[in-house]
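Student: Give me the fold of what follows.
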Amino acid sequence: MRRFLTLLSAVLITACSDGDLQIETIDFDDTPVQFCDSQTTTDSNFFFKISGDQALILVLQDGVLANEVSDGTIVSTVPGQSRLIYRIFTDDVSKTYFCDELPPAEPSVLEEVEAAAGEILVTTLQSESDSTVFEHNIVLSNISLVNDKGERITDLRINNFGTITTSE
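Tutor: Numbering: from 1, shown residues only. Sure thing, here's the model as predicted:
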C-alpha cells in the first residue's frame, strides 16, 4: 500500500500542468540599436532592436538625450516616463516595418508585451576625439515584462540597450 501511495504521489506531482505559462528568453544585448532618422539628435526618442521575428522597442521620454555630459546617471522610469515594448511577429521583421509612414501588413504582430516596471538609465559622455559628439549609453534596469495573461517573462537578458551618438 505504501508503494502505491508513493507511486500515486509521484504521478500526481509530475502530471501537474503549468497552464499556458511559457518561459521565453529575450536576449538583445548583441543586437545593434536602430532608428529611423538618418542621424540621431537630442529630439530623437524612438529606438528599436530587431532579432529575426522579435523586436525590442524603446520610446524615451523627451529631454533625456542632451548634448552635454551628464552629471551622473539620468533615470527614466518605465512605464511612467519611458516605454519599453517587446514584440513577436509572424515572420522576420526589418527596419522598414518601423520607419515607413504606413507599416507593411506583413509580418503581423503575434504578441506585444509592454514593460510593467523598471528603469532606463542614461549616461552621457563627450567623445574624446570630437568635442561636438556625445555618446549616450542606455542601460535597462529591473525591467519587468508581464503579458496580458499575467505571466512574467522570467529569463530576461536585456541589460545594455546600447550607445546612441548625437552631435551639436
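
Student: Pick out the residue closest to the middle of the chain.
Tutor: Leu56 (4.1 Å; Cα atoms, centre = their mean).

Student: give me the low-pLDDT residue ranges for the chain?
Tutor: For the chain, the stretches with pLDDT under 70 are 1-25, 154-158.

Student: Quickly list what the nearest residue to Ser82 once chain neighbours are set aside is bridged to.
Tutor: Spatial nearest neighbour of Ser82, chain neighbours left out: Ser76 (4.3 Å); criterion: Cβ to Cβ, 6 or more residues apart in numbering. Where you see a C-beta, it was placed from the backbone N, CA and C, and this is true even at glycine. In this entry, Ser76 is beta-bridged to Ile120, by DSSP bridges.

Student: Please, where are all the helices along the protein?
Tutor: 2-15, 95-99 (DSSP state H).

Student: in stretch 90-107, what's buried?
Tutor: Using 16 or more other Cβ atoms under 10 Å as the test for burial, stretch 90-107 gives Val93, Tyr97, Phe98, Pro107.

Student: Distance from the chain centre to it, please.
Tutor: Mean-position distance between stretch 90-107 and its chain equals 18 Å (Cα atoms, centre = their mean, to the nearest Å).

Student: cool, stretch 113-132 as well?
Tutor: 14 Å.

Student: Could I have the CA atoms of that stretch written out in CSV?
Tutor: What follows is stretch 113-132 as a C-alpha-only set of coordinates in CSV (Å, rounded to 0.1, in the frame of the first residue of the first chain):
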residue,chain,number,x,y,z
VAL,A,113,4.3,42.9,-24.1
GLU,A,114,4.9,46.3,-22.6
ALA,A,115,7.2,46.6,-19.6
ALA,A,116,5.2,47.0,-16.4
ALA,A,117,8.2,48.2,-14.3
GLY,A,118,11.8,49.2,-14.5
GLU,A,119,14.2,52.0,-15.3
ILE,A,120,16.0,53.3,-18.3
LEU,A,121,19.5,54.6,-17.2
VAL,A,122,21.3,57.0,-19.5
THR,A,123,24.8,58.2,-19.0
THR,A,124,26.2,60.8,-21.5
LEU,A,125,29.9,61.3,-22.2
GLN,A,126,31.6,63.7,-24.6
SER,A,127,33.6,62.0,-27.4
GLU,A,128,37.4,62.0,-26.7
SER,A,129,38.1,62.6,-30.4
ASP,A,130,35.4,65.2,-31.2
SER,A,131,34.1,67.8,-28.7
THR,A,132,30.8,68.2,-30.7
